[in-house]
Structures are given as structure tokens and as C-alpha cells.
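Engineer: kindly return the folded structure for what I paste below:
(6 chains)
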6 protein chains.
Amino acid sequence: MHTFFIEKTMLYDGTQLSSLWAYRTLGLPGDSIVAFRGPCRLDFAHMVDMEDVLQQSPIYGSDMLHFIIEHFDAGLGRTILRQRLLVAIINEIVSSRGSSLKRDGDDLYLAGRKLSISIATVTPVSTMIHTALNVTAENTPVPAASLVEMGWSGNEIPALAEKIFTAYAAELESVKRARCKVRGVN
Amino acid sequence: MHTFFIEKTMLYDGTQLSSLWAYRTLGLPGDSIVAFRGPCRLDFAHMVDMEDVLQQSPIYGSDMLHFIIEHFDAGLGRTILRQRLLVAIINEIVSSRGSSLKRDGDDLYLAGRKLSISIATVTPVSTMIHTALNVTAENTPVPAASLVEMGWSGNEIPALAEKIFTAYAAELESVKRARCKVRGVN
Amino acid sequence: MHTFFIEKTMLYDGTQLSSLWAYRTLGLPGDSIVAFRGPCRLDFAHMVDMEDVLQQSPIYGSDMLHFIIEHFDAGLGRTILRQRLLVAIINEIVSSRGSSLKRDGDDLYLAGRKLSISIATVTPVSTMIHTALNVTAENTPVPAASLVEMGWSGNEIPALAEKIFTAYAAELESVKRARCKVRGVN
Amino acid sequence: MHTFFIEKTMLYDGTQLSSLWAYRTLGLPGDSIVAFRGPCRLDFAHMVDMEDVLQQSPIYGSDMLHFIIEHFDAGLGRTILRQRLLVAIINEIVSSRGSSLKRDGDDLYLAGRKLSISIATVTPVSTMIHTALNVTAENTPVPAASLVEMGWSGNEIPALAEKIFTAYAAELESVKRARCKVRGVN
Amino acid sequence: MHTFFIEKTMLYDGTQLSSLWAYRTLGLPGDSIVAFRGPCRLDFAHMVDMEDVLQQSPIYGSDMLHFIIEHFDAGLGRTILRQRLLVAIINEIVSSRGSSLKRDGDDLYLAGRKLSISIATVTPVSTMIHTALNVTAENTPVPAASLVEMGWSGNEIPALAEKIFTAYAAELESVKRARCKVRGVN
Amino acid sequence: MHTFFIEKTMLYDGTQLSSLWAYRTLGLPGDSIVAFRGPCRLDFAHMVDMEDVLQQSPIYGSDMLHFIIEHFDAGLGRTILRQRLLVAIINEIVSSRGSSLKRDGDDLYLAGRKLSISIATVTPVSTMIHTALNVTAENTPVPAASLVEMGWSGNEIPALAEKIFTAYAAELESVKRARCKVRGVN
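Structural biologist: I've put the predicted structure just below:
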């Protein structure tokens, strides 16, 4: 799958969660994970998580590290499993500087404060994931944790992003290999 | 899904990786994760991982914590994702005593020594996973790590098993819920 | 799956056949069958059955018992089988007062007069069913049968609805169990 | 799908539940429902229902009407839905002589006595159903009901079989048509 | 599956690639392949091939033989395989007059000049294919080949269309039969 | 996917149609197409095509070019489509020396004489195809055509095999790309 970091800061406003986004904007065909840094501002019309809409939870962050993933196969259930695996991978990588994160499904917490947001959904031709981590935690709607606080400085963000998406792509590659080396049993 | 710990020590010899095993031996119908403790001894005829067979890697352990999982839906690919998630969960739980494990796909390593074995395969009616952790690391075919060495004493094994399978069942339950709360996008 | 009866009378106008309706309006996450009583008035823009649109068959009823079902798995074919099973269940329950209904696919007839309407369709994240039974048969576009005529008085409707959706939920639960107790054959 | 009645009396011993049986023995390629009359005698090795094996329930009947169905698509879950629909259809047809049968999942009861047995399972290339009705109820392992007792004489069995398999084939044909006439919704 | 040739000349403008088109406009329910002759003019808003949109490749033809196909099962991947098979069939039939076409995926070339366009996509309830061949090659955006040039005169087009869609329908029918005559292996 | 030509002459006796064959014997993990040259001799116990078994058609050839393909995804139907595409590709390549082959489903004929045999089937973990072409046509059970007769000399067979499997792999690669460049329609 393609992995890519967009150097330019960009606003995440939910329009990126749309089929063929990486192909249309970056020319990347097929499965991809794309990262960029920027604020996050979502009006309710662009939220896909009905739980947030029902609870009127605003989604907002002034400086986040975003990942947009697209997989061209059917099966939202399968992509939610991939999303969980991505969050577990982020946990493994981000925690390596000593902070003790707690993963609860697709959420990451540092001492009860939320570090991340994440959602997985379906398009007519693919499934997609958006996951984002607070780089800083200013002006967040709820008390939040941040990468900076955990020892990742702002200029390390591109390298951290690459570490994460490389691990994600390697994981899925190895899942595919594992699929092809077992015999069935009765 | 059902979760169960078998009190009695049992040998894992590969025959447990067979459809409806938990139903036939424990009366548990449907999806299940069952744990037990015991040695592990697999002749090549019972190995499902052709990589091990090709490399003639013996699979052996004198004292391991075993998990046998069965999911009654099609899709080996999906169950391999669940297997990875299980191993990530084990990593999160076992590491909580301070040791720094490294997960590489479905393997866990402590300072380069292997703590675990794991395989996922398919039956005519379901998919299954076997994952096992060394309780001690004596007489293993390769230098190995063990739960005891990481601070989990022998009589804590049942509680550790329960922690792990409860977390796995909760994870899959929350995956199912996540599947039902998003709208699609274009 | 969730079962629920909405006490308040409500118009069915087709907007209920929309993904996550039970979650958005009743807070019920996941698979559900919801019943309510009320008139039925569908303009052609809200009809999903192209056969009705092509034949310009109006869909109208002044007092009906409605069921809205949502299943969060793919497969319209599978949900049409569930729809047929629902109509067979309704037949078994409603006929128990002695009237002899005839089921023809997803339609129920009493002496040639139609008692019910039903449609199954797909949303981006789920499949849905709408089935409705005439409580009375006044002002229907074609000669129709009614529950009242078959011996179910107006104030028995909530109890009848519950009988039906309980049986439907139990049927699907037992289908799931049956899935997990057989071995494959050659 | 093919429908066929085998004139000659035949023993059902479980070997008929094997892929391509109708093709290999009758030359019928593709989906089929085949009926025949004869005794039923199943040793445990040929039982596919592990519940019966666990409970050591013998399966035996001296004179039954058998249906063997094969569908060449994946999905045991879908075929269990079809099995339930078949049993509902049998209920609708057999009850038409005035007896009041009760369907409970894939079982039919007359006043608490069992009329039928049924199982659905999977082969490497298809899914299959066996359903059988007691023609008479002599020498059955548990108190049983019979078609004769419900007013269907022995020489009406071929006609009854045809009524049932014609209705089953028509139902599935109409399910397929229903699949192709709806638009999706949001 | 239904096969149909529309006698009247019609413009292909992309609106035909919409679910249930053959049912809504011709009354043909279920899988179908419909052919007609006419110009082709697609604005970018109706293009489904993002590659063409990205490259701003106009799609235009003054006189083409069009095929619109709809299959009511899930799986864009499977329908792309069918599309390739259709193009291979067209190659086999059109080449029979001696010209040597070269097929490259879903494109046909005569001496480097393009004879055809083709796309496969997904609707909420089905998958669809549009394939078109130049009858003449005037005013095409790129140097093009034509059926006329290959020896198929204008008034042979309906017969050619029929030859093609009959072969396509027969191919898929025989694929279905092949699905039902093999046993599985280990 | 892996492509490979085995230099050594080998007998095809049906045992090659077994899951993970290319992995177990050549170390090739994942999807693969492997070619080799040799006689073909199949007893009925190793035939997977029940039509041949029913008709007692012997399968025999003294010198054939064989292709063994394995795809690690479910769906026999999809693999039969791939098989047809392979045979169409062989037709396009082999015919390029001027002979006019006729493809009928998965069979190739030269002037009514059969050039090829082909079957697709399913394993517990994958789907597989065997296709073989007569290099010479001596001692065949029915009058047969051969590659030699069509202008491909014996020592060109490895190059021809490579041409074919390279085209097949490229076709499936381009199918995968086509899957990822379209938007859905309504």
C-alpha cells in the first residue's frame, strides 16, 4: 500500500473522508495511508460517527497529526479491525518514550486525558479510516493529552508519522503473507 | 463470545485446533476463547503453518499458557487481523509489569528472545486461532522468554489468562458496536 | 437484537427506511426491529420498490402496524430471506385466531384481499426491511384485509406487535446458534 | 433450481449429505431439491449436528419423506435462513388439512410431538439441507407425529412432496427477483 | 440474463450507468446486457473513471455501439473480471473478419488506434459495465479505429451486437454451470 | 503474483491441485502461476470434474504444457472467471502464429480438435486452476490439436509458457488497479 506524508499543513474538515481522496489529490492509486499535520474542525454535517452527533460532541483540535487510510475491499468490520490494530501500533510506537498510554478500543488515553480521535467508515467503493493525535493540547473541547507532552517535539512529527505508517503498512503486508502459508484443519 | 479457563493442566498437541472443539469438549456453543496451561508438543503432521513444516522448526514448550479461539464466520483474513489484535492486547497486558516487549506481527519478543507462538487457520465451518505464551522457558527449542521472568508467577497465570481473554472479548464486542454507529460517506 | 414498540402513533412516509434510524431516533445501537402504529403515505420519490413506481401503484393505508428492521451486515439477498421469514412468522401468529391467510412471497392475503405490504433494501452500512399490516382496511387503494377483521382488536395491537418482534428476534437468535453446531461434510 | 422426486424407496443414512449428490446420482447439475421416501437410520459418525452427537440422540424413522437440497453458493448462515423458510413452507402446506402444527425454528410439532427433523451444513463447494417428515410414526425414538395422522395418506406422499419442493423453488425464485427491483436508500 | 438491442439511436451520456436502468426503461428485471447505437458525449461530472477525470481525457464518439450491463451481485472485482471477458469476447468476434486487434486489459487497439472504451463500476444494489465500440472513427478525440474499417458495415451492427451479447450471456451461463460440477480438493 | 517455469519435465497426475503446492514444493508464498512440461495421467480418484467422472472421460496426454495457479481468496466463481480469462489470453497468444483457434468456455479447439484441458476448483484456503495444452497430439484419447501443429516448436515451449503467465499476471494486476480508480454511481 502507498504511504505518504504531506509536508504542507492542512485543515482536516471531514471532506478528506471521501472515496479516492488520495488518488484524486495526490495521484496515489489503490490502498494508501496518508499523513499530514494541521488543525481539525468538523461541523456536524461532516461527522460520520452518529454517537458524536447524538451527544453533540464537538470535534476540534488546533494542531493534530492526521492519518487518512483507504482500503479497496468491502467489509467495514474488517477495516474496524485494521483501525484497532493501527491504534495499537500507535500505542506501541508513541509509548516508547516512556509514557504509559492506555488504549481503549480506538481511543488512546494518557492519565485519563484523550490523545486521539478515530473513525472508520465505508464509501461506495472502499473503506476508510481517519485517526488523529493531538500534537499540542490547547483549546481542546475536553482535557486532552498531547504528543509534545509525551516527549515528541513538533519537528519530530514527520518522522513519527513515517514510523507509524510504515509499521501499519508492514503489519498489513505480513497479515497478507500469513493468509497464504497455512493449511486448513477439520 | 464465551470465555473460559480450564483448571486442569492439558497438553496442547494440535488436535485442539479443530472445529467445534470448545463445543464438543466444554459444551460452549458459538464464538469462544478458551485458555489452559500445559506443555506444547506438536508433530509435523499436526502443524498448520507450512513455514514451520518447510523449515522443520519444532514447536515445543514444557509449560505454556494456551488460548484456543473459534469464530463462526468466514474469512481467514479477518481472523488473522483478530489474531494480531489479540497479540497486541497480550503485549499491552503482559508489559504492564515493566518489561518492554516487542511485538512483530503475531510474535512477542523480550530482548530478542521469543515469548509466544501463534497461528490462525480455517475449518470447514469456522476460523480458529492458537496463541501460547511460555510460562517458563526451560527446554525450549530456541532461546526463549517467559512470563515468570517478566514478573508473572505461576499461580498468577489463571488471573492473567482471564485478564487477556476478557480484554479480547471486550475488544471484539466494541468492534461490533463500532460497526453500527457510522453513516457511509461518498 | 433490539426490539421496541413506539407507543405514540406515527406516520410512515418512507423516511424511516434510512440507515441508523433506530439509533438516531431511539438510541438503539445495532440490529433492531421497531414497531409502531399509524397511517402510511408514500410519495413516489420515497418508494424503493421500482415495480411499484413503474406500475404507479400508490402505497397508502390509514391505520397500519409497522415494523422497521435494520441488520448491520452486508447482503440484500440474506435480508430478503429474513423478510420472508418475518412474513411467515406473521402468518403463523396472526392466523392463530382461525382466519386462513395465504402467504405469497412477502405478501399476505385473506380471501384474495391484501393484508400487508413489505420491502427490503440496502443502505451504505446495513440492510433494512419495512413490513406493515392493515389494522383497519378503510380507504385503501385496493380491496384489503385487516387485523380487526381477523379478530385482533385495536387495543391488542401493541401486544400483537410484541409477539411478532419477539418471535422474529428469537428466530434469528436460533439461526445464529444453528450456525455454530454443525460440522462440515465432504 | 432442479426439483425431483425419486420414485424408488431409499434409506437415508447420511451419505446423501455430500456435495454434488444430486449431480452424481441423478445427473442434476446446479441447485436442486430432491425428495424421496424411505427409512432413516443414522449412526453417530454420519451425524453433522454436534448437539445430537453430544446428547447421544439417535436419529431414526421407519418411513419418512426426505428432502435433500444443495445450493452452490457460500454462506451457511444464508442456507439456514432458507432451511427455516422451507420448514415454514412445509408448515403452511401440511397444515392445510386442518391440523395445527407449531414450528419452532427448524422443528415442526403436532401437540408436542415431533413431526420432522432437519439440518443444514456446508460442503467444500456448496451448502446442503436435509429435512424429513414422518410418514408414519411407528418405532420412533421419541413420541412422534406423522403425516398420515394429519390426513395425508401414504399414496399422497409424492404429490405432497411435489407441492413442497415446487413452493420452495418458487419462493427462492421470487427472492431472487425481489433482489433486483429495489433501489438503495441512504 | 436478459439480452436486448434497442432499435432506436440513442445518446450515451453516462446517465445510463445507474442502477436498474434496464428495468426502469425497458422493463427488464435482473441481470441484463443491453445494446444500442448512438453518439457518446460525457461531461466530467458523469465520468466514473477518475483516471480520465484526472487526465482531463474527453470521452467522445459520434457513432458507437454501446453495451450496458448490470449484475445484481456484490463485488466490483468480479465484475471487472467479467468486463475483461466481455472485451476478450468482442476481440474474438470482431477479429473474425481478419483484422488483427490487440486487447490490452479493457481496451482494444487496431494498429495502435483505439477501437473501444470501457468502464465497470458499482451501484448501491448492483455492479455495472459500459463498453462501446466505434462504428466510425470521425471526430474522435484521439486517432481511433472503427468497426466499419474492420469490415463491419453500418447495417450489420445490430447483428454484431446480438452476436456479442449472446456470447457474453452464454459465457456467464457456462461459468455458472462450471461452478456446480467440481468437488473440492485438499 | 509469482510466475515460475519448472525446467524439469514432470508428470501431472492431479496431486498438484492441492493447496500451497507452489509454496510447499517451490517455496513460493502467495498467489502464483507455475508452468511445466510433461505427460498428463489422471486416475478417476484424482479428477475434480465430476462431469468427466460421470462420463468416464479419461484424461491423458503424452506431452503437455501445464499451468498450476493458486489464488488465496475465497470465491470459486471468481476463479472460474479468471480461468476463462486465462484461456482467452492463451487463445490470443497461441493464435498469433496464424492458426484460428476457437474458444468455447474453458476449451480451445483447432478445426474441431481439442487443444486444451482446464479445471478450476477450491481448497480449504484458496482456489486453484489447472490448464494444459497439448505440445504434441499423439496417443490422446480423442482427436486432438497441438502446439507443434500450430507452429510452436518443442524448444519454444518455455518461452511460450512465460509469455502466457506474464500476460496472466499482468491482466490480474491491471484488474486490481481498475478496481481502485472508479467512483460509485447511483
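Engineer: can you pull the contacts of the residue nearest the centre of chain A?
Structural biologist: In chain A, the centroid-proximal residue (Cα atoms, centre = their mean) is residue A:131; its distance is 2.3 Å. Neighbour list for residue A:131: A:66-67, A:69, A:83, A:86-87, A:90, A:106, A:116-118 [criterion: Cβ atoms under 8 Å, 6 or more residues apart in numbering or on different chains]. Where C-beta positions appear, they are placed from N, C-alpha and C, glycine not excepted.
Engineer: so which residues of chain A form strands?
Structural biologist: Under the criterion DSSP state E, strands of chain A are mapped to A:2-5, A:32-42, A:59-71, A:101-104, A:107-110, A:113-114, A:116-122, A:127-134.
Engineer: a markdown table please, covering the ones you listed and showing mean pLDDT.
Structural biologist: Formatted as a markdown table, the strands of chain A follow (pLDDT from 0 to 100):
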| stretch | mean pLDDT |
| --- | --- |
| strand A:2-5 | 98 |
| strand A:32-42 | 96 |
| strand A:59-71 | 94 |
| strand A:101-104 | 95 |
| strand A:107-110 | 96 |
| strand A:113-114 | 94 |
| strand A:116-122 | 96 |
| strand A:127-134 | 97 |
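Engineer: of those strands, which is nearest residue C:147?
Structural biologist: Across the strands of chain A, residue C:147 has its closest neighbour in strand A:116-122 (38.4 Å, Cβ to Cβ).
Engineer: which residues does the closest one contact?
Structural biologist: Strand A:116-122 is contacted from outside by A:17, A:40, A:48-49, A:59, A:61, A:76, A:79-80, A:82-83, A:86-87, A:90, A:106-108, A:127-134, B:178, B:182-185, C:124-125, using Cβ under 8 Å, 6+ apart.
Engineer: residues contacting the lengthiest helix in chain A, please?
Structural biologist: Ranked by residue count, the top helix of chain A under DSSP state H comes out as helix A:157-178. Helix A:157-178 is contacted by residues A:1, A:3, A:5, A:7, A:31, A:33, A:35, A:37, A:65, A:67, A:69, A:82, A:85-86, A:89-90, A:92-94, A:135, A:147, A:152, B:77, B:80-81, B:84, B:105-106, B:120, F:29-30 when judged by Cβ under 8 Å, 6+ apart.
Engineer: got the buried residues for it?
Structural biologist: Residues A:157-158, A:160-161, A:163-165, A:167-169, A:171-172, A:175, A:178 are the ones in helix A:157-178 that count as buried (16 or more other Cβ atoms under 10 Å in any protein chain shown).
Engineer: got the angle for that helix vs strand A:127-134?
Structural biologist: Compare the direction of helix A:157-178 with that of strand A:127-134 by axes from the mean of the first three to the mean of the last three Cα atoms, to 10 degrees and you get 140 degrees.
Engineer: how about the residues of chain A near chain F?
Structural biologist: Within reach of chain F by Cβ under 8 Å from any Cβ of the partner chain, chain A has these residues: A:19-20, A:23, A:29-31, A:72, A:123-126, A:176-177, A:179-184.
Engineer: again, only using 7 Å
Structural biologist: For chain A, the contact set with chain F under Cβ under 7 Å from any Cβ of the partner chain comprises A:19-20, A:23, A:29-30, A:72, A:124-125, A:177, A:179-184.
Engineer: returning to that earlier point: most neighbours among the contacts of residue A:131, which one?
Structural biologist: Most neighbours among the contacts of residue A:131, by other Cβ atoms under 10 Å in any protein chain shown: residue A:69, with 27 neighbours.
Engineer: phi first, then psi, for residue A:146.
Structural biologist: Torsion angles at residue A:146 (phi, psi; degrees, to the nearest 10) stand at phi -140, psi 160.
Engineer: that one touches residue A:132, doesn't it?
Structural biologist: No: Residue A:146 lies out of contact with residue A:132 (Cβ atoms under 7 Å); the separation is 11.8 Å.
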